[in-house]
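A.B. asks: Give me a model of this one.
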Amino acid sequence: MGKGKEVKEPSSKAPSPSHVHEDTDLAPTLEESGGNKDIDALQVKIDHLQAEVEELKKDRREKWSWAGSGGRGWQRPTIEYGDAFTKLFIEAKIWADHYVKRDTAALAEFSFSEKQSILQSLDGYCVQDLDWDTLIGSLPYPIRTQVPHAIGRTMLVKDIVDKFFENPFWYFEGKTDPIDVEPRTQSSLSFAKHLQHLYEQFLIVNPKSASLWKTETVRLANSVNDNQANNTEMGRHTKSRREGLARSFACAMLKHPPFQMLLENCEDTAVREAKLVKFYERAERLAISLGSSHGICTYRTLTKLASPLFWRGDLSVTAEYRHVLMPHQPRLDGHRILLILQPAVSRIGAAVPDGHLESWTQAVAVIEDGDCTEEVYHELQQEREAEAHEVYRERQETLAKHRAEWERERQEKQKEGKR
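C.D. replies: The predicted model follows:
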């Protein structure tokens, strides 16, 4: 017969204090067990989210680093864009110095409507609500006597900015048939405009992503080296197309009726054309370099300035040097800007996530100042020269004072050394 289990009688004694303590601790222990499970689950979620955040940060760093360094085969541009734009705008002036009429009187042979067409061709750079004679009368001396030269250089600047810089996709073709070799078809113009419109919409959605998209689109279309792309056929075709268009734009400018009215008689037109082609080619190369680098560029023409009036406090605008305006003089504040010779060029966000503003050139403004006669102009020149002389004298006095102090200190140190 097997040994049965021993059955204990229920104890009539009250549980000891220690037993009571153990029994009452049972419920909290169960609650803590459930709570620990919740905490563990939350910790797992936190760890997972942290891992996702780190992965996103890594991905972001890689993308920005890639964009900044140029991605595969595209090195960070070494161009100083501020200097490059300044030189480009100066080159327009130099070409005008050689081949554009200087005196306003030289345009007297043209009709009112012909001269008005010159102003109309400068829409965005010149006011459009004044007729030719009123505009000339609103200009200061000596600018009013040299209008063709000012307008001629402005036409060149406007043309390259409009064609090469405002739309980074200007050379894209709309054709699908390779047999179509028309260099500037309506379809290609439309396609480039559609891309620009799409880019502008992307900028509204997400500026940084839009900038990356623009940069990679330009790079893909212009990869000409084996370290930039697996296949360079498209890039070489695009390069050839860009260069051909730059030459055709220069030639078209020489045939543009408003521009032709400004040109001097020229014996060697081939040299004149060759120099203009070089100017357009340099502008085209600068535009491609800028388009293939990261950042959002802005070209502030007359209609895009913060105000149609001139104010010294606006750092994006400077008065044309023949206004003889000193930095502290308020005499042109509140006057209307009639013409800009070049736009204000800037870029936001180069190759860093939270890019900063890079201001490269100021808009050079010709300001309403019809009361500035030849006599007033010479008085202003004399005033500026006198002020410059006074500034120079004060600097020389300050320098002489410092030199005297340095010499006295040197002599005192020599005396102390002898002691």
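
A.B. asks: Quote the end-to-end distance of stretch 134-145.
C.D. replies: Chord length of stretch 134-145, first to last residue, is 14 Å (C-alpha to C-alpha, to the nearest Å).

A.B. asks: List the contacts of it.
C.D. replies: 103-105, 119, 126-127, 130, 147, 150, 320, 322-323, 336, 338, 366-374, 376-377 (C-beta atoms under 8 Å, 6 or more residues apart in numbering). Every residue, glycine included, has its C-beta placed from N, CA and C.

A.B. asks: Could you list which of those residues belong to strands?
C.D. replies: Secondary structure assignment (DSSP state E) places Leu338, Val366, Ile367 from the contacts of stretch 134-145 within strands.

A.B. asks: who are the neighbours in contact with the last one?
C.D. replies: Ile367 makes contact with Pro140, Phe310, Ala319, Glu320, His323, Leu332, His335, Arg336, Ile337, Leu338 under the criterion C-beta under 8 Å, 6+ apart.

A.B. asks: which among the residues you listed end up buried?
C.D. replies: Pro140, Phe310, Ala319, Glu320, His323, Leu332, His335, Arg336, Ile337, Leu338 (16 or more other C-beta atoms under 10 Å).

A.B. asks: Test my guess that the third one contacts Ala365.
C.D. replies: Yes: here Ala319 reaches Ala365: they are 5.8 Å apart, a contact under C-beta atoms under 8 Å.

A.B. asks: would you say Gln411 is within a helix?
C.D. replies: Yes: looking at Gln411 with DSSP: H, G, I helix; E, B strand; the rest coil, it is inside a helix.

A.B. asks: Leaving out sequence neighbours, find the closest residue to Leu88.
C.D. replies: Closest residue to Leu88 apart from its sequence neighbours, by C-beta to C-beta, 6 or more residues apart in numbering: Ala283 at 5.9 Å.

A.B. asks: So the one you found: helix, strand or coil?
C.D. replies: Reduced to three states by three-state DSSP, Ala283 is helix.

A.B. asks: just to revisit the earlier point, what is the nearest of the contacts of Ile367 to His402?
C.D. replies: Distance to His402, by C-beta to C-beta, is smallest for Ala319 among the contacts of Ile367, at 34.1 Å.

A.B. asks: so is the closest residue to the closest one other than its chain neighbours in a helix, a strand, or just coil?
C.D. replies: Distance criterion C-beta to C-beta, 6+ apart; nearest residue to Ala319, sequence neighbours excluded, is Leu325 at 4.5 Å. Following three-state DSSP, Leu325 is assigned to coil.

A.B. asks: which ones are touching Leu325?
C.D. replies: Neighbours of Leu325 in contact, by C-beta under 8 Å, 6+ apart: Ala319, Arg331, Leu332.

A.B. asks: where does the stretch 1-150 of the chain have low pLDDT?
C.D. replies: 1-35, 59-73 (pLDDT under 70).

A.B. asks: about what we covered before: okay if I get the contacts of Ile367 as TSV plus distance to Asn36?
C.D. replies: Converted to TSV, the contacts of Ile367 look like this (distance: C-beta to C-beta, whole Å):
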residue	distance to Asn36
Pro140	84
Phe310	72
Ala319	75
Glu320	77
His323	79
Leu332	77
His335	77
Arg336	76
Ile337	73
Leu338	78
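
A.B. asks: Make sure I have this right: Val224 is in a strand.
C.D. replies: No: under three-state DSSP, Val224 falls outside any strand and is assigned coil.

A.B. asks: hang on, isn't it packed against Ser240?
C.D. replies: No: in terms of C-beta under 8 Å, Val224 does not count as a neighbour of Ser240; the distance is 9.9 Å.

A.B. asks: more crowded one of those two?
C.D. replies: Using other C-beta atoms under 10 Å, the more surrounded residue of Val224 and Ser240 is Val224, with 16 against 11.

A.B. asks: ok, now which ones touch that one?
C.D. replies: Thr232, Gly235, Arg236, Lys239.

A.B. asks: List only buried entries from those residues.
C.D. replies: Buried residues within the contacts of Val224, counting neighbours by 16+ other C-beta under 10 Å: Thr232, Gly235, Lys239.

A.B. asks: Which single one of these is nearest to Tyr171?
C.D. replies: Closest to Tyr171, out of all of the buried ones among the contacts of Val224 and judged by C-beta to C-beta, is Lys239, at 9.3 Å.

A.B. asks: by contact count, what packs against the host helix or strand of the closest one?
C.D. replies: When elements are assigned from DSSP states H and E, Lys239 belongs to helix 233-254. Contacts defined by 3 or more C-beta pairs under 8 Å, 6 or more residues apart in numbering; DSSP states H and E place helix 233-254 against helix 147-160, helix 207-221, helix 269-291.

A.B. asks: Give me the contact list for that helix.
C.D. replies: 155-156, 159, 163-164, 170-171, 173, 183-184, 220-224, 228-229, 259-260, 263, 272-273, 276-277, 279-281, 283-284, 288.

A.B. asks: Over to stretch 117-131?
C.D. replies: Residues contacting stretch 117-131 (C-beta under 8 Å, 6+ apart): 112, 116, 132, 135, 138, 151, 154-155, 157-158, 256-259, 261-262, 301-303, 336-340, 343.

A.B. asks: And the buried ones among the residues you listed, selectable in ChimeraX?
C.D. replies: With 16+ other C-beta under 10 Å as the criterion, this ChimeraX line picks the buried residues out of those:
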select :116,132,135,138,151,154,155,157,158,258,259,261,262,301,302,336,337,338,339,340,343
